[in-house]
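Engineer: Please work out how this folds:
(chains A and B)
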Amino acid sequence: MTLAPDSGDVMGDAAPVITRVAPSPTGDPHVGTAYVALFNWAWARRNGGKFILRIEDTDQSRSRPEHEEQIVEALAWLGLSPDESPDTGGETGPYRQSERKEIYHQYIEQLLEAGHAYRCFCTPERLADLRALQKAAKRPSGYDGACRELDPAEATQRGDSETHVVRLKVDKEGSTRWNDLLRGDIVIQNATVDDQVLLKSDGMPTYHLANVVDDHLMGVSIIMRAEEWIPSVPKHVMLYEAFGWDAPLFAHVPLLRNQDRSKISKRKNPTSLFWYRDQGYLPEARVNFLALQGWSIREDDEEFSLQDFIDKFDPANISVGGPVFDLVKLDWLNGEKIRNLSAEELAGRIVDGGFAGDWPLEEIVEVLPLFQDRMRTLSEFAPAAQYLKERPEPDMEGLGKKTKKADPESLAAAMVDAAEVLGSLADQSEEVRETALREIAERRDLKVGALFMGLRVAVTGVTASPPLLPSVDRVGVEESQARILALSARLIPAG
RNA sequence: GGUCCCAUCGUCUAGUCAGGUCUAGGACAGGUGCCUCUCACGCACCAGACAGGGGUUCGAAUCCCCUUGGGACUACCA
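Structural biologist: Numbers count the residues shown, from 1 in each chain, chains lettered A, B, ... in the order given. This is a model prediction of the structure:
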């Protein structure tokens, strides 16, 4: 089965594709939000449709405006900005659920009048006791329906003065069935469906009500969201039916997983999108990696652009096994993306990302050829290039290990020779200078590698670095000579 | 406990819907080698999986059933 727009099946030409991502502003912008956003965004793009960002801030105790801002910022960073959102506005707004209270109340009235919902006056304490009892008896939990059969007129009256909630009046007979785009038919017995609270005592709707009302009013044609929502779909389907609305398509994508296969969590993984940004990951790598979790391009190439993704993405072939987050592969992808950038562009990213330290842009462009192939994240640049700015403390221990078989005195002497040659041949080509250094090694009965290692540690401070001669040129011949002589002196034990 | 979802190399996955072209393909990670002044990059090669058991069929990774394993949900959170 395919949902590709040119395949002419399910979606047809008539219905516009409207997708959405509906996060709660209750914490750092989450990688799971980006994951779901990516699929929804791409599907809307591919079909010339619309992608909506709806803020589900009905939990007044946990929602924070700054978290909403962060979500917007994070999506923009990834290149997944919505067509309509609280910021941009749009035909079907407002897009912040806290601003849609009247709308929900109107629909709650409708449900109440039609007998699809009822007022419930049970206290949270009673509910907690009930749950405890059910758990102790190993019975399925759920509301016991104490207020279900209250006289509606009487309940309405009580409602004027008593705090209460409104619950969905689930018809416990029969079953609810729907076709999930990724999982086929799913059937759930209505007897197991709880009389869900739809309107909280603070007057705010719960997710279930707000979601159904908004998706309908906003014209959402396909709901792509995480699989954790599967168990509550029957409630949603019942609501669509109670309102007399057609339900949209459902596509429940897998949950991202920790190493131990539990649902991804910040205790076990970096889940904040800002963490990745601050760590020096490129948004295109982050997004490319996310796309690979569950979806795969049919061709060999696993590295692709957002545009490639739009061109090929089809929600119908997302695989449903929960993918384990593998940062190692992200690192690889990030390195690939870094290598594919021009030096100018990469330097710009380093500066814009705040990874440049005190390096000016033009200088970064100049030295980048030494580092670009060796970088996996933007943050690696400044530390790796530091030796070009200031004299490093040489890694004597590393040098010792790498030159075990070399006689320290010969090495020290050879380095002195090398310093001199680097001065006298300063204006010669790399090739000429390299040949000269090799000759020195031979004369002093050293392996070429050992001499180079000594010089490398002297000049760069470390045993793993960019090539020696370009580094010498960057550092400057005189400074390089000074570093080499200084290290040479340390090789010979005092006295 | 109940309900539901899921199950191919260590990891991400192709193949499953339309059974044979699969001695199961690719990528990351790992190993070996080449390149080489080190580290990377690049290139070549190696190793590595259909959870188990029943069925259906001439034929099953693919369809059915059971078992096992994993996960989610079970809030006046989303």
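
Engineer: how near is residue A:473 to residue A:350?
Structural biologist: 21 Å (C-beta to C-beta, to the nearest Å). (Each C-beta comes from the backbone N, C-alpha and C, glycine too.)

Engineer: If you count surrounding residues, which of those two has more?
Structural biologist: residue A:350 (27 against 14; other C-beta atoms under 10 Å).

Engineer: And that one, how close does it get to residue A:282?
Structural biologist: For residue A:350, the distance to residue A:282 (C-beta to C-beta) stands at 11 Å.

Engineer: Residue A:60 too?
Structural biologist: 37 Å.

Engineer: need the helices for the stretch 251-400 of chain A, in chain order.
Structural biologist: Along the stretch 251-400 of chain A, the segments classed as helices by DSSP state H, counting those that start in this stretch run A:273-279, A:283-292, A:306-312, A:327-340, A:343-352, A:361-367, A:381-385, A:396-402.

Engineer: what angle do the fifth one and helix A:327-340 make?
Structural biologist: Pointing back at helix A:343-352 there. Angle of helix A:343-352 versus helix A:327-340, following axes from the mean of the first three to the mean of the last three C-alpha atoms, to 10 degrees, is 130 degrees.

Engineer: Could I get the CA-only coordinates of helix A:343-352 as CSV?
Structural biologist: Extracted C-alpha coordinates of helix A:343-352, given in CSV (Å, rounded to 0.1, in the frame of the first residue of the first chain):
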residue,chain,number,x,y,z
ALA,A,343,34.5,25.9,3.9
GLU,A,344,32.7,29.2,3.8
GLU,A,345,29.4,27.7,4.8
LEU,A,346,30.9,25.5,7.5
ALA,A,347,32.8,28.5,8.9
GLY,A,348,29.5,30.4,9.0
ARG,A,349,27.8,27.6,10.9
ILE,A,350,30.7,27.5,13.4
VAL,A,351,30.4,31.2,14.0
ASP,A,352,26.6,31.4,14.1
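
Engineer: Give me the mean pLDDT for it.
Structural biologist: Helix A:343-352 carries an average pLDDT of 98.

Engineer: Counting neighbours, which bits of that helix end up buried?
Structural biologist: A:346-351 (16 or more other C-beta atoms under 10 Å).

Engineer: Can you say which two of those are spatially most distant?
Structural biologist: Maximum pairwise distance in the buried residues of helix A:343-352, criterion C-beta to C-beta, is 9.8 Å, between A:346 and A:351.

Engineer: Between residue A:60 and residue A:282, point out the one with more neighbours.
Structural biologist: residue A:282 (23 against 11).

Engineer: give me the number of residues near the nearest residue to the more buried one once chain neighbours are set aside?
Structural biologist: Closest residue to residue A:282 apart from its sequence neighbours, by C-beta to C-beta, 6 or more residues apart in numbering: residue A:337 at 4.8 Å. For residue A:337, the count of nearby residues is 22 (other C-beta under 10 Å).

Engineer: likewise residue A:254?
Structural biologist: Neighbourhood size, residue A:254 [other C-beta under 10 Å]: 18.

Engineer: Distance check, it against residue A:317.
Structural biologist: 13 Å.

Engineer: Once you drop chain neighbours, what's closest to residue A:121?
Structural biologist: With C-beta to C-beta, 6+ apart as the criterion, residue A:121 has its nearest non-adjacent residue at 4.7 Å, and that residue is residue A:164.

Engineer: Please read off the pLDDT at residue A:301 from the model.
Structural biologist: Note on residue A:301: pLDDT of 79.

Engineer: can you count the residues close to it?
Structural biologist: The burial count for residue A:301: 8, using other C-beta under 10 Å.

Engineer: need the contact list for it.
Structural biologist: By C-beta atoms under 8 Å, 6 or more residues apart in numbering, the contact set of residue A:301 is empty.

Engineer: Centre-most residue in chain A?
Structural biologist: Geometric centre of chain A, nearest residue: residue A:31, 3.4 Å, by C-alpha atoms, centre = their mean.

Engineer: wait, residue A:447 sits on residue A:405?
Structural biologist: Yes - Residue A:447 lies in contact with residue A:405 (C-beta atoms under 8 Å); the separation is 7.4 Å.

Engineer: Could you check which of the two has the larger neighbour count?
Structural biologist: residue A:447 (14 against 8).

Engineer: Pull up the residues of the stretch 151-300 of chain A that are close to RNA strand B.
Structural biologist: A:163-165, A:183-184, A:186-189, A:192, A:194, A:197, A:200-202, A:204, A:206-207, A:227-232, A:254-255, A:257, A:260-263, A:292-296, A:298, A:300 (C-beta under 7 Å from any atom of the strand).

Engineer: Which of these are buried, as a ChimeraX select command?
Structural biologist: To isolate the buried members of those in ChimeraX, using 16+ other C-beta under 10 Å:
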select /A:164,165,186,188,194,197,200,204,206,207,227,229,230,232,254,255,257,292,293,294,295
